[in-house]
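> got a predicted structure here, sequence first:
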Number of protein chains: 6
Amino acid sequence: MIEMGNTTVLCAASVEEQVPRWMQGRGSGWVTAEYDMLPRATSSRRSRDRDSGRTASRSQEIQRLIGRSLRAATDLKALGERAVYLDCDVLQADGGTRTAAITGAFVALQLALESLVSAQKLDSIPLVCSIAAISVGLSNDNLLLDLDYSEDSTADADFNIVMTDAGSVVEFQGTAEGNPFPRQRVGEVLSLAARGLEPLFAAQRAALG
Amino acid sequence: MIEMGNTTVLCAASVEEQVPRWMQGRGSGWVTAEYDMLPRATSSRRSRDRDSGRTASRSQEIQRLIGRSLRAATDLKALGERAVYLDCDVLQADGGTRTAAITGAFVALQLALESLVSAQKLDSIPLVCSIAAISVGLSNDNLLLDLDYSEDSTADADFNIVMTDAGSVVEFQGTAEGNPFPRQRVGEVLSLAARGLEPLFAAQRAALG
Amino acid sequence: MIEMGNTTVLCAASVEEQVPRWMQGRGSGWVTAEYDMLPRATSSRRSRDRDSGRTASRSQEIQRLIGRSLRAATDLKALGERAVYLDCDVLQADGGTRTAAITGAFVALQLALESLVSAQKLDSIPLVCSIAAISVGLSNDNLLLDLDYSEDSTADADFNIVMTDAGSVVEFQGTAEGNPFPRQRVGEVLSLAARGLEPLFAAQRAALG
Amino acid sequence: MIEMGNTTVLCAASVEEQVPRWMQGRGSGWVTAEYDMLPRATSSRRSRDRDSGRTASRSQEIQRLIGRSLRAATDLKALGERAVYLDCDVLQADGGTRTAAITGAFVALQLALESLVSAQKLDSIPLVCSIAAISVGLSNDNLLLDLDYSEDSTADADFNIVMTDAGSVVEFQGTAEGNPFPRQRVGEVLSLAARGLEPLFAAQRAALG
Amino acid sequence: MIEMGNTTVLCAASVEEQVPRWMQGRGSGWVTAEYDMLPRATSSRRSRDRDSGRTASRSQEIQRLIGRSLRAATDLKALGERAVYLDCDVLQADGGTRTAAITGAFVALQLALESLVSAQKLDSIPLVCSIAAISVGLSNDNLLLDLDYSEDSTADADFNIVMTDAGSVVEFQGTAEGNPFPRQRVGEVLSLAARGLEPLFAAQRAALG
Amino acid sequence: MIEMGNTTVLCAASVEEQVPRWMQGRGSGWVTAEYDMLPRATSSRRSRDRDSGRTASRSQEIQRLIGRSLRAATDLKALGERAVYLDCDVLQADGGTRTAAITGAFVALQLALESLVSAQKLDSIPLVCSIAAISVGLSNDNLLLDLDYSEDSTADADFNIVMTDAGSVVEFQGTAEGNPFPRQRVGEVLSLAARGLEPLFAAQRAALG
């Protein structure tokens, strides 16, 4: 369970000893994620996806981002024909749920992989790097780290950055909510994100002992 | 209809004189997009979304991107309580369908808004800027504009950039498919994209007469 | 959040100032429940209902039971044309999730109704009694209170009892999993349940201050 | 086809020579039920479940009850890896459809099992007892057997009882629709049900020749 | 309930005092049909449509045919803004279910319209003609009326004809299952159908008193 | 792509080297069709089927007709255990989309079968005849070939005819939209259709070289 400010996300990893059918026979593993919110994670109740039979498109976009990011950190060949499912369920939401989910899911993923090593199913942990994620907002020409919901909803632009602990970029998304932003801003955003991720990597290391 | 290389996307705009229910009463308009591929747009046939009752998650991610980008170009207040639906249907796909869809949908949007002015429903075209989109790939340490399918599937990183004709950024997405990429690359990607968008803006202006 | 042994259920009440359409105009309120489990609440991962577009039939049976039980405790006329939605989400499951959900949901319901009184929307709390629930198992001719998962799965018969704090029965369900049980057992089950519910009513009173 | 008062239920058993996938390889059989109502079984037309793609939650609760009850009467090991599907379709409804369905489905089940014996697929009929079901209502402090729709909708409490012909209980469900009922009532309900079931067991024996 | 050979179809008409939303405000009525089969209507059990959430395409084609045919017999203007729903549920199927459904549904429709006249909601029965339906098969160069299932499945061509009691054609469908059939056959088919429909019209008149 | 007047249908054939599961092991092939319209094929936008998760019943009726017609032209035994999927997507609709789809799909089918011969998977093209389709309308007692949308919507009766190039009938459907039509008309309809199909067969031969 990861808590960042008032945002609480429960991240759990489950290992299956087979990959989805479309991947079978390639000798490679798979890492994927599911993201959902409890109906009362936000201040007003939202209905459950099961009522419509469809994963909300926002949830789909987020879980695709989580899955892509974690696959980038994993050596899928070394994982072998296994799948790891990462369930990220938001119990309480106050901004930054997708970045909190990625940061927490990495911890769950590593713990699951460690248990495969303990069970002697793998020789070593098939991770190529550590990753964590953070959001940056552009508001009144100021860049702010890790916005809460009220800051986020008034920002001019919103950035989500997934990086490795070596400072390389795994995923970068920037969206102008109000006015388009100048190209020069992008470099500043990445530098600020790199600094903001340092305590998150430290917290991951602490959680992983 | 927009053709870029072997990619063909049919973009059509439809105006409704009311906004979706959740937006009613705010005195503001709405612009949204739907994206789909015909089953034989790709070299192997894919099944229709109607069979599963779900929009493919890739399509949802893309149509959310198209919608966000076009809303950024539109003065929704000036549009009034109307909705514009942009249907982007890929007849033939060879890489870059999402960026072709945005570039083509902008033309369809402007034509639809012009027809509202002609019909004297609006005094002036409620657009704040022109937008177009392009993809950039990082492959063997080289940056390439507008990858086709075979280039795209072997790239190390994939970038989609939506910009205004003044060179500001509306949306920027970068994903490491293979190794994470250095932060410094991002500035080069944006410069290359800006140059690559110039002929697309020219083509839009030509299409719009 | 209610914890009973290793079972943890998050119960949240949400008030809406209108009833479902089919109840409108009767001058009466409505209380209903939704029940779900997180995918990893159990030791092996189960898929989310949203993937099938259907609430699992077990969940439907349970949420109908929760809803009926709480409506029995509520003066729906006095509630007025309002609806209370009780979300019971199982974070961790080790037997007795339905009875834990009812016991916890009653607390959430009372807190929600108290907030309506505080907000001067109601003069007094529209509850006619307190309710709580407990399970009893018949195993090798012995009756056991509140079985955990491993006890439950080997029991010959399984009983779920919802009672008021005055000892009357709101709902009683008994199912023979193995051999049918003699009629005489039913009286003993109810007495045992009544005794087992005493500490639960005490815990509810403590939680409600 | 079973008729009780104005309630008519068509019960049909179908044998498949394999069990559902999740049961395969256990050397044991399966008995399950589906319950539905024709749109005009009730006085006002209700829409078909196929329109919503969901089995109504009431139907699910009932078909789970029918399935559990019939499995309790069956020696699943002796049945072998076969499944029996019991389709209970209500042509006309006037109260007591679930108890009529159980009573009728037992006859259909026994006939299907007899045909397996005739076909020399089984040596003997794998039933451990006969079962039948009846409803009891508590109305103005009076207990009444087998309520019709108008009696049922005004009752204070509603009981459904499934028993064996030896008088043991397979399933017992009691629900307070109005005031909670005293524990002492439960014993009287069971005695009344046992008496009321006698003619039903006689009718089953007559139907089975 | 209509029985033709071993085919049994339950036809029921339900009147609603409003038309579907898309027809409102035109001062005209609507007649539509739903067609379904019970799972055990055929010799091998088929699963219920509600499990897939989709009306089987064969059922949709048939219910569209039933609806079109009955609307052709009805003066929709004279019916006023009311809708008649015809539920045709096949209890037992042995060929010719669609034609039996049309013939039976016409009787149900007329009875429902007569009840509107009795209730003084209409001055006269808004029917312009009587209709009935029959199937014809071409097998080994012979034309046969009203095939049962085994005849139907071996026929070279299959015709369904809906006619008025004056001998005009409301709907005609002919399908080559094996070899295409010569154009000249069509006239013979229509003459044979007209003769075959005479006893059906007589039976309708008898049922309607 | 087939254009008839203002109607444009994109027809594409895809070969799979296996038949659907229910046909496996019979040594016979399968030909089937899917039909859909783009949202803006008609003058007012219609929503996509994927939103409802159901193929519109009109589309289902049409794609069943296309599939039946093309199977009648194919020697399924000679095709072997292969399936051909024909995707008919209407880009622009102005009447006669179903007949245009059949006529165009036949060309796509033959091209796909020719490519199987070229790839030496088949010795000869497994077609037993050429087919094409045309519509006829009865309007003010006049028969008209190939109605456009405005003619079609005011016709008294509407006929769709699928014939072989030898003049035999594969499928014939006639529907009275207004008054029932006399039996004698049917012969005239078929003669007119046969004449109208001649230029279509010529165009097919031209397209097939």
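All right, it came through fine.
> and the residue nearest the centre of chain A?
Taking C-alpha atoms, centre = their mean, the centroid of chain A lies closest to residue A:102, which sits 1.8 Å from it.
> okay, now the spatially closest residue to that residue that is not a sequence neighbour: neighbour count?
Using C-beta to C-beta, 6 or more residues apart in numbering or on different chains and skipping the chain neighbours, the partner closest in space to residue A:102 is residue A:133 (3.9 Å). The way it works is simple: take the backbone N, C-alpha and C, and place the C-beta from them, glycine included. Other residues near residue A:133 come to 26 when the count uses other C-beta atoms under 10 Å in any protein chain shown.
> list the contacts of residue A:133.
A:69, A:98-100, A:102-103, A:160-163, A:171, A:197 (C-beta atoms under 8 Å, 6 or more residues apart in numbering or on different chains).
> still on that earlier bit, which strand or helix spans the residue nearest to the centre of chain A?
helix A:97-118 (DSSP states H and E).
> can you name the next helix or strand after the worst-scoring helix or strand of chain A on mean pLDDT?
Every helix and strand of chain A was ranked by mean pLDDT, DSSP states H and E. The lowest is strand A:2-4, at a mean of 67. The C-terminal neighbour of strand A:2-4 among helices and strands, as given by DSSP H and E, is strand A:7-16.
> mind checking how far residue A:27 is from residue B:52?
In this view, residue A:27 and residue B:52 are 29 Å apart by C-beta to C-beta, to the nearest Å.
> looking at these two, which one has more neighbours?
Neighbours per residue, other C-beta under 10 Å: of residue A:27 and residue B:52, the larger number sits with residue B:52, 14 against 11.
> what about chain A, any weak spots by pLDDT?
Low-confidence segments of chain A (pLDDT under 70): A:1, A:3-5, A:53.
> strands of that one, start to end?
Using DSSP state E, the strands of chain A run over A:2-4, A:7-16, A:30-37, A:83-92, A:131-139, A:142-145, A:157-164, A:169-176.
> just the C-alphas of the second one, formatted as PDB.
Extracted C-alpha coordinates of strand A:7-16, given in PDB (Å, rounded to 0.1, in the frame of the first residue of the first chain):
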ATOM      1  CA  THR A   7      -3.800   9.500  -2.100                       C
ATOM      2  CA  THR A   8      -3.800   5.800  -1.100                       C
ATOM      3  CA  VAL A   9      -3.200   3.100  -3.600                       C
ATOM      4  CA  LEU A  10      -3.200  -0.600  -2.900                       C
ATOM      5  CA  CYS A  11      -0.700  -2.300  -5.200                       C
ATOM      6  CA  ALA A  12      -0.600  -6.100  -5.400                       C
ATOM      7  CA  ALA A  13       1.400  -8.400  -7.700                       C
ATOM      8  CA  SER A  14       0.300 -11.900  -8.700                       C
ATOM      9  CA  VAL A  15       2.400 -14.300 -10.600                       C
ATOM     10  CA  GLU A  16       0.900 -16.800 -13.100                       C
END
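> that one vs helix A:97-118, what angle?
For strand A:7-16 against helix A:97-118, the angle by axes from the mean of the first three to the mean of the last three C-alpha atoms, to 10 degrees is 30 degrees.
> same check, this time on the fifth one
Regarding strand A:131-139 and helix A:97-118, their directions subtend 170 degrees when assessed with the same axes, to 10 degrees.
> give me the sheet partners of strand A:131-139 and which way each runs.
strand A:142-145 (antiparallel), strand A:157-164 (antiparallel) (DSSP bridges).
> now tabulate the ones you listed in JSON lines and tack on mean neighbour count.
Listed next are the strands paired with strand A:131-139 as JSON lines, based on neighbours: other C-beta atoms under 10 Å in any protein chain shown:
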{"stretch": "strand A:142-145", "mean neighbour count": "14"}
{"stretch": "strand A:157-164", "mean neighbour count": "24"}
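> mind putting the ones you listed into CSV with distance to residue E:121?
Output for the strands paired with strand A:131-139, formatted as CSV (distance: least, C-beta to C-beta, whole Å):
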stretch, distance to residue E:121
strand A:142-145, 68
strand A:157-164, 60
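> right, and those strands - which one's nearest residue A:93?
The minimum distance between residue A:93 and those falls on strand A:157-164, with 15.1 Å, by C-beta to C-beta.
> using CSV, list the CA coordinates for the closest one.
C-alpha atoms of strand A:157-164 as CSV (Å, rounded to 0.1, in the frame of the first residue of the first chain):
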residue,chain,number,x,y,z
ALA,A,157,-0.3,22.0,-18.2
ASP,A,158,0.1,18.6,-16.6
PHE,A,159,3.2,16.3,-16.9
ASN,A,160,3.7,12.7,-15.9
ILE,A,161,7.2,11.5,-15.9
VAL,A,162,8.5,7.9,-15.3
MET,A,163,12.2,7.7,-14.8
THR,A,164,14.9,5.2,-13.9
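> relative to chain C, how far out is the closest residue to residue A:128 other than its chain neighbours?
Of all residues not flanking residue A:128 in the chain, residue A:75 sits nearest, at 5.3 Å (C-beta to C-beta, 6+ apart). Separation of residue A:75 from chain C (C-beta to the nearest C-beta, to the nearest Å) stands at 23 Å.
> residue A:75: neighbour count?
By other C-beta under 10 Å, neighbour count at residue A:75 equals 15.
> any idea how far residue A:99 is from residue A:88?
11 Å.
> comparing the two, which residue is more hemmed in?
residue A:99 (29 against 26).
> quick check: closest non-adjacent residue to that one.
Nearest residue to residue A:99 in three dimensions, chain neighbours excluded: residue A:133, at 3.9 Å (C-beta to C-beta, 6+ apart).
> is the one you found bridged to anything, and to what?
Judged by DSSP bridges, the bridge partners of residue A:133 are residue A:162.
> among the strands paired with strand A:131-139, which is nearest residue A:128?
strand A:157-164 (8.5 Å).
> so the closest one versus strand A:169-176, what angle?
Using the same axes, to 10 degrees: strand A:157-164 against strand A:169-176 is 180 degrees.
> was I right about residue A:97 contacting residue A:8?
No. With contact defined as C-beta atoms under 8 Å, residue A:97 does not reach residue A:8; the gap is 9.2 Å.
> what about residue A:76, neighbour count?
19.
> spatially nearest residue to residue A:40, not counting backbone neighbours?
residue C:12 is the one closest to residue A:40 (C-beta to C-beta, 6+ apart), at 4.0 Å.
> for residue A:181, same thing?
Leaving aside its sequence neighbours, residue A:181 sits nearest to residue A:157 (C-beta to C-beta, 6+ apart; 4.8 Å).
> touching, that neighbour and residue A:186? I think so.
No. Residue A:157 is beyond contact range of residue A:186, at 10.0 Å (criterion: C-beta under 8 Å).
> tell me, what's touching these two both at once?
Residues touching both residue A:157 and residue A:186 by C-beta under 8 Å, 6+ apart: residue A:174.
> contacting residues for residue A:155?
By C-beta under 8 Å, 6+ apart, the contact set of residue A:155 is A:137-139, A:144, A:147, A:177-178.
> next one: residue A:98
A:35, A:62, A:65-66, A:133, A:135, A:160.
> among the strands of chain A, which comes closest to residue F:39?
Across these, closest to residue F:39 is strand A:169-176 (C-beta to C-beta), at 26.2 Å.
> which parts of stretch A:111-120 are buried?
Neighbour counts over stretch A:111-120 (16 or more other C-beta atoms under 10 Å in any protein chain shown) mark A:112-113, A:116 as buried.
> ok now that stretch, how far from the chain's centre?
Using C-alpha atoms, centre = their mean, to the nearest Å, the mean C-alpha position of stretch A:111-120 is found 21 Å from that of the whole chain.
> right, I'll call it a day here.
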